[in-house]
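*Asks:* Coordinates only, no sequence provided:
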């Protein structure tokens with residue numbers, strides 16, 4: 001059970017607007033309140049206007065009022081826009097989250113997550129409940145989870161458009177779609193509801209000893225890049241943002257990197273230490289890593305480095321800033337509908353998808369052409 005609360009003043013009384021998601025709803029008693037809600041998943045969403053009680057002023061007490069049968073509630077039609085967010089997120093943007101969500105609470109159904117992976121469950125159920133636009137409020141990891149929840153329902157990709165409220169560290173997908181990084185401006189884009197179809201890349205990989213297939217709307221990688229994602233410290237990420245990934249990259253570069261084989265159509269690279277893949281131009285933030293990429297060309301763009309040598313770090317950095325990384329010796333630029341990655345030797349080769357460590361090789365990348373509908377500013381593609 002989780003809740004979200006906003007307060008307002010009226011006629012000398014403080015009222016609490018409460019959105020509650022409860023998996024355990026049963027008999028409802030009487031209380032001076034007006035509640036509106038719709039079913040979501042195994043529980044129920046309520047929005048209530050309740051008089052505050054001096055002895056129970058916090059949101060949890062109001063939640064208890066609903067769960068204990070002290071609030072009278074009646075259903076209204078389901079809202080068209082669902083918004084998935086992490087109520088326990090931290091960092092500067094997350095600290096402003098509650099007040100920002102207060103301002104749009106009447107325009108959408110707020111769907112707070114309860115832990116890792118829960119966004120997927122919420123997204124799948126939102127399809128069942130008739131959601132038309134599902135918003136991922138967070139970074140690329142949240143976008144990743146919400147999208148993988150949509151694909152778990154057979155009608156998810158056809159029925160629901162993905163919206164993004166960028167609140168993460170890097171926000172690659174939002175940048176790619178030209179979604180404003182400002183909360184209010186991004187919400188205006190979502191409310192307008194303009195959407196287009198883009199490609200949806202997929203990767204088959206190994207996770208906890210089992211084969212798994214996941215989509216990645218923005219980016220993926222294997223080798224040194226993914227190992228850096230494994231080494232990112234959460235505290236450093238929240239304090240320093242992108243610097244956390246750079247620091248982790250230096251730590252990863254001090255390790256002996258395993259190698260893997262890359263095959264993209266007829267192009268074969270027998271030994272590589274790094275592959276970075278993108279659905280669009282952006283990678284790692286505002287860096288234009290894939291100059292030939294299109295979101296609707298049915299292909300994944302990839303940069304493959306045969307070796308990553310520490311003495312070349314200044315050269316790599318300059319090439320990333322200028323968009324000339326594919327021009328360096330030992331670096332290859334690929335565009336393909338299918339890419340196969342096979343580890344060489346017994347050492348594990350890490351995989352990351354949308355900036356989060358996800359598993360290990362072997363892996364196979366494919367593209368679902370025009371598989372995902374995204375909300376974006378009009379005429380950005």
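*Replies:* Here it is on my side, so go on. Only a predicted model underlies this, so the values are computations on that prediction, with no experimental measurement involved.

*Asks:* residues touching residue 298, list them.
*Replies:* Residues near residue 298 by CB atoms under 8 Å, 6 or more residues apart in numbering: 199, 337, 367, 369, 370. For the C-beta atoms, the positions are set from N, CA and C on the backbone; glycine is no exception.

*Asks:* Can I get the buried part of those as one PyMOL selection?
*Replies:* Restricted to buried positions by 16 or more other CB atoms under 10 Å, the PyMOL selection for the contacts of residue 298 reads:
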select buried, resi 199+337+367+370
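
*Asks:* Same list (the contacts of residue 298) but as CSV, adding distance to residue 188 and pLDDT.
*Replies:* Below are the contacts of residue 298 laid out as CSV (distance: CB to CB, whole Å; pLDDT from 0 to 100):
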residue, distance to residue 188, pLDDT
199, 26, 98
337, 36, 98
367, 31, 98
369, 30, 98
370, 26, 98
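
*Asks:* Check the offset of stretch 284-302 from the chain's centre.
*Replies:* Taking the mean of its C-alpha atoms, stretch 284-302 sits 18 Å from the chain's own mean (CA atoms, centre = their mean, to the nearest Å).

*Asks:* returning to that earlier point: which two among the contacts of residue 298 are spaced furthest apart?
*Replies:* Using CB to CB, those reach their maximum pairwise distance at 337 and 370, which is 13.0 Å.

*Asks:* As a markdown table, the contacts of residue 298 with secondary structure would be great.
*Replies:* Shown next, in a markdown table, are those (DSSP: H, G, I helix; E, B strand; the rest coil):
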| residue | secondary structure |
| --- | --- |
| 199 | strand |
| 337 | coil |
| 367 | strand |
| 369 | strand |
| 370 | strand |
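
*Asks:* Looking at the contacts of residue 298, spot the one nearest residue 126.
*Replies:* residue 370 (21.7 Å).

*Asks:* Quick check: the closest one touching residue 197?
*Replies:* Yes: using CB atoms under 8 Å, residue 370 makes contact with residue 197 at a distance of 4.2 Å.

*Asks:* what residues are shared contacts of these two?
*Replies:* With CB under 8 Å, 6+ apart as the test, residue 370 and residue 197 both reach residue 296.

*Asks:* can I assume residue 143 sits in a strand?
*Replies:* No: under three-state DSSP, residue 143 sits outside any strand and is assigned helix.

*Asks:* Excluding covalently adjacent residues, which one is nearest to it?
*Replies:* residue 136 (4.6 Å; CB to CB, 6 or more residues apart in numbering).

*Asks:* ok, which stretches of the stretch 151-300 of the chain are strands?
*Replies:* Per DSSP state E, counting those that start in this stretch, the stretch 151-300 of the chain carries strands over the ranges 161-166, 195-207, 210-215, 219-223, 259-264, 267-272, 274-278, 282-283, 287-288, 300-305.

*Asks:* Would you point to the one among those strands that's packed deepest?
*Replies:* Highest mean neighbour count among the strands of the stretch 151-300 of the chain (mean count of other CB atoms under 10 Å): strand 219-223, with a mean of 30.

*Asks:* partner strands of it, parallel or antiparallel?
*Replies:* Paired with strand 219-223 in the same sheet, following DSSP bridges, are strand 274-278 (antiparallel), strand 350-353 (antiparallel).

*Asks:* in the stretch 251-381 of the chain, which ranges drop under the pLDDT threshold?
*Replies:* Along the stretch 251-381 of the chain, segments meeting pLDDT under 70 span 380-381.

*Asks:* What average pLDDT does stretch 102-111 get?
*Replies:* On average, the pLDDT along stretch 102-111 is 94.

*Asks:* Now do the buried residues in that stretch.
*Replies:* 104, 105, 108, 109, 110, 111.

*Asks:* can you check stretch 119-132 too?
*Replies:* Those would be 119, 120, 121, 122, 123, 124, 125, 126, 127, 131, 132, for stretch 119-132 by 16+ other CB under 10 Å.

*Asks:* Can you tell me how far the nearest residue to the last one once chain neighbours are set aside is from residue 108?
*Replies:* Just to be clear, that refers to residue 132. Once flanking residues are discounted, residue 132 sits nearest to residue 80: 4.8 Å by CB to CB, 6+ apart. Note on residue 80: its distance to residue 108, by CB to CB, to the nearest Å, is 8 Å.

*Asks:* Same check on residue 118?
*Replies:* 18 Å.

*Asks:* rewinding a little: mind checking which of the strands paired with strand 219-223 is nearest residue 296?
*Replies:* Comparison of the strands paired with strand 219-223 against residue 296 by CB to CB identifies strand 274-278 as nearest, at 13.7 Å.

*Asks:* At which residues are the helices of the chain located?
*Replies:* With DSSP state H, the ranges of helices along the chain come out as 59-67, 92-95, 97-102, 118-128, 140-150, 156-159, 172-176, 183-192, 224-231, 234-240, 242-253, 313-322.

*Asks:* Show me what the fifth one is packed up against.
*Replies:* Secondary structure elements in contact with helix 140-150, counted by 3 or more CB pairs under 8 Å, 6 or more residues apart in numbering; DSSP states H and E, are strand 81-85, helix 118-128, strand 133-138, helix 156-159, strand 161-166, helix 172-176, strand 210-215, strand 356-375.

*Asks:* How far away from the center of its chain is the last one?
*Replies:* Mean C-alpha position of strand 356-375 versus that of the full chain (CA atoms, centre = their mean) differs by 13 Å.

*Asks:* before we move on, what about the shortest one?
*Replies:* Here the centre of mass of C-alpha atoms in helix 156-159, compared against the chain's by CA atoms, centre = their mean, lies 17 Å away.
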